[in-house]
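Student: Mind folding the following:
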Amino acid sequence: MPASNDFQHSSDTYINREISLLEFHKRVLAQAKDASHPLLERLNFLIIFSRNLDEFFEIRVAGLMKQIDFNTITTAPDGIPNEVIIQQIAENAHQAVEEQYQILNHTLLPQLQNYGVCFIQYHDILDQHKDWIKNYFFKQVQPVVTPISLDPSHPFPRLVNKSLNFIVTLEGKDAFGRQIELAIVPAPRSLPRVVRLPDELSGGQQHYILLSAIIQQHIDDLFPGMSATGCYQFRVTRNADLTLATDVDDLAVALKDELSSRRFGRAVRLEVAANCPDSISRHLLEQFDLDPIHLYQVEGPVNLARLFADFDIPELRFKPWQPVIPKALRNPHQIFEVLSKQDILLHHPFDSFKPVINLLKEAANDPNVLAIKQTLYRSGPDSEIVQVLAEAARNGKEVTAIIELRARFDEESNIIVANLLQEAGAVVVYGIVGYKTHAKMILVVRREGDKLKRYVHLGTGNYHAGNAKIYTDYGLLTTNPDVCEDVHKIFQELTGMGRMAKLKKLFHAPFTLHTQLLQMIEQEITHAKAGKKAKIIIKVNALTEPKLIAALYKASQAGVKIELIIRSICCLRPQVAGLSENIQVRSIVGRFLEHTRVYYFHNNGEENLYCASADWMGRNLFSRVETCFPIEDKKLRQQIIDNGLLSYLKDNMRAWELNASDQWQPISPRGKEAPYMAQQYLMEQKSIVPTA
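Tutor: Got it, this is the predicted structure:
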């Protein structure tokens, strides 16, 4: 096989990334069918699938359609034309959506009714509901609804991305004597999509009525003197990706301008209720300039992503999990003393995120702390971390926040965070135009005696306390001088100007990380060719970078054993004779979203282990600022190997395996093999918890 730089991919060696991502979403959907999950958690997986699919169309499908619209020739490594990929996506997505509604209508909703939870749609409304619905409609809904007739003076309106709407067929004349045949009724976005009925109407059970049912029940009241002969739900999904020029004068101002256009981007998908007549569906497709393959007719609500309520049935949920604070850090006032003596590894959500917040709190109030520097990717203005940073700035600390304004779908929130911190007196930097700052770093500078000492946190996930409860991530707290100096230099890169920093311990993108990864793979190849044990284990969210995939193929051919734990996209094709028979790929989909990035290289027994903020994707390695940090403490390194890698390779209950034919197959216990769930095992290691 030629060197990885010269390797030419094709569809035989590179799985299309969009198809691979859609397959991940289908693995999430499969959790809604899994009877081992509590019932309301299965409904939650169904809702997550809807949200995932929304973003898939808004970003990935939208990107393909944009290339087609502009006659852009595909440069994807698989070489498959965009038109073919769009067709394959449509076929797979239609099947998945049909399965989704079958699960909802024939499994989840009937089983929920057995527990007194009932979702009332238009065809479920009973006489006993009608007075309450009428009162709710006239008091809560009608005052904020704006029906829009379709006639020469009222062209088809611009409808907001993913908004719930109704197209209504009418008979009769309006107040001006016009013969109106069609109208659009946008559902008010300010109103909840699911409303709980009073207990006296539901016998004390939990009955919920959909806003769509309330509107349909009283659609005639929106057109007095006319008759509504049909009322059909629909929703359009639009291109929501943002395109910013690299020569903007003010990134925040440019971003605000782009955000306003996101709501009205090019249409990429149309969802309609199954009872919508073909003539109406065709009319809507014409209005949105869509081909029939982009039409999704669904047996139920068209906006499942908002099918959520605050259900009060604990036995239908996962048993509550309380993250554990490591013993060494249970006294937050001793955090500087503890870190001066040892590194601390946090594995969220099994370990609490609180120590990270405590580090900042102590720094904000410690008179010996001079400066705090931090990157923020997704946090939010209500985040305790943001509030603590603002407090630190008001306390006179030199606070520097590197805020990535372009974190997708959090752009507006990040602008608010930037303004809040600036008003508190912090120095706010938006990072580097053209490169998203995705690294997760905190640097605290503290005066101790006549010297300055640095304290650092490096992580694989965002500084978001909510995410830390549902995402698996690693965080390292350290005072290692070389690591701290490297972090200091990266902050200088982000806030100032100058040459690329020369680092001692860390690798960082877009400069050294990709090259170092290729070198470490080549190192394993050298060991394998010398007859030594050679092994690579990689755990990331996605693997798409062509040169790394080619290097892994080369390593497999040399005899290196390679085990990949990839949550979502995997473009590498494993188990192909002569190419990748030494590579196994698995994906874990469970209670928590797998988000850790860990790279392991056996290195002839010396075992190099790294955690990182970067996935193995081109965007992470070439278009983002990322950090990759070594775990050098032997105890912590073994902890990650055992709990973060080997445990997941042992999972036979929440794992899926990818075969050479691009098919993901669920793994189950074989023979007398005992059932094993990595996430459950890790919870039990921290505390005694019931099996969930």
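
Student: Just to check, residue 682 is in contact with residue 648?
Tutor: No: Residue 682 lies out of contact with residue 648 (Cβ atoms under 8 Å); the separation is 9.6 Å. Placement of C-beta: from N, CA and C, glycine included.

Student: Now stretch 211-223 - C-alpha only, PDB.
Tutor: Output of stretch 211-223 as PDB, limited to C-alpha atoms (Å, rounded to 0.1, in the frame of the first residue of the first chain):
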ATOM      1  CA  LEU A 211     -51.700  22.700  20.500                       C
ATOM      2  CA  SER A 212     -52.300  21.500  17.000                       C
ATOM      3  CA  ALA A 213     -55.500  19.700  18.100                       C
ATOM      4  CA  ILE A 214     -56.800  22.900  19.900                       C
ATOM      5  CA  ILE A 215     -56.300  25.000  16.700                       C
ATOM      6  CA  GLN A 216     -57.800  22.400  14.400                       C
ATOM      7  CA  GLN A 217     -60.900  22.000  16.700                       C
ATOM      8  CA  HIS A 218     -61.600  25.800  16.300                       C
ATOM      9  CA  ILE A 219     -60.200  26.500  12.900                       C
ATOM     10  CA  ASP A 220     -63.600  27.800  11.700                       C
ATOM     11  CA  ASP A 221     -63.600  30.400  14.400                       C
ATOM     12  CA  LEU A 222     -60.500  32.000  12.800                       C
ATOM     13  CA  PHE A 223     -62.600  32.600   9.600                       C
END
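
Student: which residues does the nearest residue to residue 529 once chain neighbours are set aside contact?
Tutor: The shortest distance from residue 529 to any non-neighbouring residue, by Cβ to Cβ, 6 or more residues apart in numbering, is to residue 558 (5.6 Å). When contacts are counted by Cβ atoms under 8 Å, 6 or more residues apart in numbering, residue 558 touches 525, 528, 529, 534.

Student: So which of these wins on neighbours?
Tutor: Most neighbours among those, by other Cβ atoms under 10 Å: residue 534, with 25 neighbours.

Student: Got phi/psi on that residue?
Tutor: Per-residue torsions, residue 534: phi -140, psi 130 (degrees, to the nearest 10).

Student: secondary structure element for residue 428?
Tutor: strand 427-429 (DSSP states H and E).

Student: on that earlier part again, quick one, which of residue 682 and residue 648 is more surrounded?
Tutor: Neighbours were counted for residue 682 and for residue 648 using other Cβ under 10 Å; residue 648 has more, 27 against 19.

Student: quick one: that one from residue 460, how far?
Tutor: 14 Å (Cβ to Cβ, to the nearest Å).

Student: do the same with residue 143
Tutor: 48 Å.

Student: More neighbours: the two, which one.
Tutor: residue 460 (29 against 9).

Student: Who are the contact partners of the more buried one?
Tutor: 440, 473, 474, 475, 595, 596, 597, 598, 611, 612, 613.

Student: Let me see the contact set for the fifth one.
Tutor: Each residue near residue 595 by Cβ under 8 Å, 6+ apart is listed here: 460, 461, 471, 472, 473, 541, 567.

Student: quick one: which of those residues is most hemmed in?
Tutor: residue 460 (29 neighbours).

Student: And that one, how far from residue 634?
Tutor: 20 Å.

Student: neighbours of the residue nearest to residue 58 when sequence neighbours are not counted, just the number please.
Tutor: Closest residue in space to residue 58, ignoring its immediate chain neighbours: residue 240 at 3.8 Å, by Cβ to Cβ, 6+ apart. By the criterion of other Cβ under 10 Å, residue 240 has 22 neighbours.

Student: picking that back up, tell me which of the contacts of residue 595 is nearest to residue 204?
Tutor: Residue 204 lies nearest to residue 471 out of the contacts of residue 595, by Cβ to Cβ, at 37.1 Å.

Student: For that closest one, give me the pLDDT.
Tutor: What the model reports as pLDDT for residue 471 is 97.

Student: thought it was touching residue 597?
Tutor: No: under the criterion of Cβ under 8 Å, residue 471 makes no contact with residue 597, lying 11.6 Å away.

Student: And the contacts of residue 460, which two are furthest apart?
Tutor: Applying Cβ to Cβ across these, the maximum distance is between 440 and 598, 14.2 Å.

Student: Looking at those two, which is more packed in?
Tutor: residue 440 (26 against 21).

Student: following the helix or strand of the chain with the lowest mean pLDDT, which helix or strand shows up next?
Tutor: The least trusted helix or strand in the chain, going by mean pLDDT, DSSP states H and E, turns out to be helix 251-262, with a mean of 52. Counting by DSSP H and E, the next helix or strand C-terminal to helix 251-262 is strand 267-273.

Student: hmm, who's touching that next one?
Tutor: Under Cβ under 8 Å, 6+ apart, the answer for strand 267-273 is 57-58, 61-62, 65, 232-239, 280-281, 284-285, 288-290, 294-298, 300, 302.

Student: quick one: low-confidence ranges for the stretch 351-500 of the chain?
Tutor: In the predicted model of the stretch 351-500 of the chain, residues 406-410 satisfy pLDDT under 70.

Student: low-scoring pLDDT stretches of the stretch 1-150 of the chain, where are they?
Tutor: Looking at the stretch 1-150 of the chain by pLDDT under 70, you get 1-5.

Student: and with 80 instead?
Tutor: 1-6, 73-75 (pLDDT under 80).

Student: so what strands line up beside the longest strand belonging to the chain?
Tutor: The longest strand of the chain (DSSP state E) is strand 227-238. Next to strand 227-238 in the sheet, as set by DSSP bridges, lie strand 165-171 (antiparallel), strand 267-273 (antiparallel).

Student: if you compare those, which one is most tucked away?
Tutor: strand 267-273 (a mean of 23; mean count of other Cβ atoms under 10 Å).

Student: give me the element residue 401 is part of.
Tutor: Per DSSP H and E: strand 398-403 holds residue 401.

Student: Kindly calculate the angle that the following helix or strand past that strand makes with strand 398-403.
Tutor: Helices and strands here follow DSSP H and E; after strand 398-403, the next one along the chain is helix 411-424. Angle, helix 411-424 to strand 398-403, by axes from the mean of the first three to the mean of the last three Cα atoms, to 10 degrees: 170 degrees.

Student: Name the residues of helix 411-424 that are buried.
Tutor: Residues of helix 411-424 classed as buried under the neighbour-count rule (16 or more other Cβ atoms under 10 Å) are 411, 413, 414, 415, 417, 418, 420, 421, 424.

Student: Run through the residues that contact the third one.
Tutor: Going back to what we said before, that points to residue 414. Contacts of residue 414 by Cβ under 8 Å, 6+ apart are 376, 378, 379, 403, 404, 405, 407.

Student: which one among those gets closest to residue 642?
Tutor: residue 378 (29.5 Å).

Student: Now, the contacts of residue 460 that are in helices?
Tutor: Nothing among these maps onto helices, per DSSP state H.

Student: which SS class is residue 188?
Tutor: Judged by DSSP: H, G, I helix; E, B strand; the rest coil, the three-state class of residue 188 is coil.

Student: what about it, how many residues close to it?
Tutor: 18.

Student: likewise residue 347?
Tutor: Neighbour number of residue 347 under other Cβ under 10 Å is 22.

Student: Now do the helix or strand it falls within: distance to the chain's middle.
Tutor: Using DSSP H and E, residue 347 maps to strand 344-348. The chain centre lies 21 Å from the centre of strand 344-348; the measure is Cα atoms, centre = their mean, to the nearest Å.

Student: Past that strand, which element shows up next along the chain?
Tutor: helix 354-365.
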